[in-house]
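Participant: Return a 3D structure for these sequence lines:
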Amino acid sequence: MDRLLALPNLIAVRGNTDRNTVSDTWRDRAPTLDEAQGDREQLLRLIGMVQSFAWTRGAVTAAGHYDWIAALPLDHRTTLPDGTRVLLVHAAPGRDGGLGLHDGQFLSEMRAALRGADADLVFAGHTHAPMERTVDGVRVINLGSVSNPVTDDKRAMWTLLDADATGYRLERRFVEYDREQVLRNLAAVHHPLAGIIGDFFRTSPS
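Facilitator: The predicted structure follows:
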């Protein structure tokens, strides 16, 4: 948060985890007590969700960032110098959660998800998987994930947009970083899911 807020001209939109951290909407997806009592994995999932969101809320509150997260907008619109209309959103137009925009969607599903986008270029994330498709003239870019990509390549993944009056260019970039140091940092601050995050970092999704 400190690094993000230090960026000049930062524009940020709300993601599902931001919303869950400040509003307890994570409870809508949590297993019920009855489900958890009859299934150890469900019980551990429920406990993990409670621990993680409680820890995160405490951390961002202590750092003075709670109100900033709570005020994040659902989306952001801008127009590039060449007139391209851009929509920035976490999951899909009008949504910060759900299935998002991903390669596994049928054309009809993608069209439905983009309904109301009113944009030429849509940037999303949420699924942690990079993707690019053009549907009915709308170019859709899923940015993947900086820290938790669900790909074999675990480097930080980001996309550079370079725009001027002649058009725009996109370049996906990757940066190596010390994941073991990240895990040591998580352990040092007693993050409740440090072990699970470590397993994710060290294993391949395939």
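
Participant: Report the contact partners of residue 149.
Facilitator: 128, 129, 130, 155, 157 (CB atoms under 8 Å, 6 or more residues apart in numbering). For the C-beta atoms, the positions are set from N, CA and C on the backbone; glycine is no exception.

Participant: Keep only those of those residues that are in helices.
Facilitator: Using DSSP state H, the subset of those located in helices is empty.

Participant: so which two of those are the farthest from each other?
Facilitator: Taking CB to CB, the two most distant members of the contacts of residue 149 are 129 and 155; they sit 14.5 Å apart.

Participant: Same drill for those two, tell me which one is more crowded.
Facilitator: Neighbours per residue (other CB atoms under 10 Å) separate residue 129 from residue 155, with residue 129 holding more: 20 against 14.

Participant: Give me the contact list for the lowest-mean-pLDDT helix or strand in the chain.
Facilitator: Taking mean pLDDT, DSSP states H and E as the measure, the chain has helix 33-37 as its least confident helix or strand, at a mean of 74. The list of residues contacting helix 33-37 from outside it, by CB under 8 Å, 6+ apart, reads 42, 43, 45, 46.

Participant: How many neighbouring residues does the last one have?
Facilitator: By that I understand residue 46. 19.

Participant: got it, and the third one?
Facilitator: The number of residues packed around residue 45, counting by other CB under 10 Å, is 16.

Participant: The second one now?
Facilitator: Using other CB under 10 Å as the criterion, residue 43 is surrounded by 15 other residues.

Participant: Please renumber the chain so that the first residue is 33 from this point on.
Facilitator: New numbering, starting at 33: the last item is residue 75.

Participant: Where does it sit: helix, strand or coil?
Facilitator: Here residue 75 takes the helix state, with states given by DSSP: H, G, I helix; E, B strand; the rest coil.

Participant: Next, the contact list for the residue most central in space within the chain, please.
Facilitator: In the chain, the centroid-proximal residue (CA atoms, centre = their mean) is residue 158; its distance is 3.9 Å. Applying CB under 8 Å, 6+ apart, we find residue 158 in contact with 47, 48, 122, 123, 124, 128, 129, 132, 133, 174.

Participant: Would you map the helices across this structure?
Facilitator: Going by DSSP H, the chain shows helices at 34-37, 48-55, 65-69, 72-94, 98-102, 139-146, 211-220, 226-234.

Participant: for those helices, which one ends up most surrounded?
Facilitator: helix 48-55 (a mean of 19; mean count of other CB atoms under 10 Å).

Participant: Now do it against helix 72-94, angle only.
Facilitator: The directions of helix 48-55 and helix 72-94 differ by 70 degrees, with axes from the mean of the first three to the mean of the last three CA atoms, to 10 degrees as the criterion.

Participant: Now do the contacts for the closest residue to residue 148 other than its chain neighbours.
Facilitator: The shortest distance from residue 148 to any non-neighbouring residue, by CB to CB, 6 or more residues apart in numbering, is to residue 125 (5.4 Å). Taking CB under 8 Å, 6+ apart, we find residue 125 in contact with 107, 119, 145, 146, 147, 148, 149, 151, 154.
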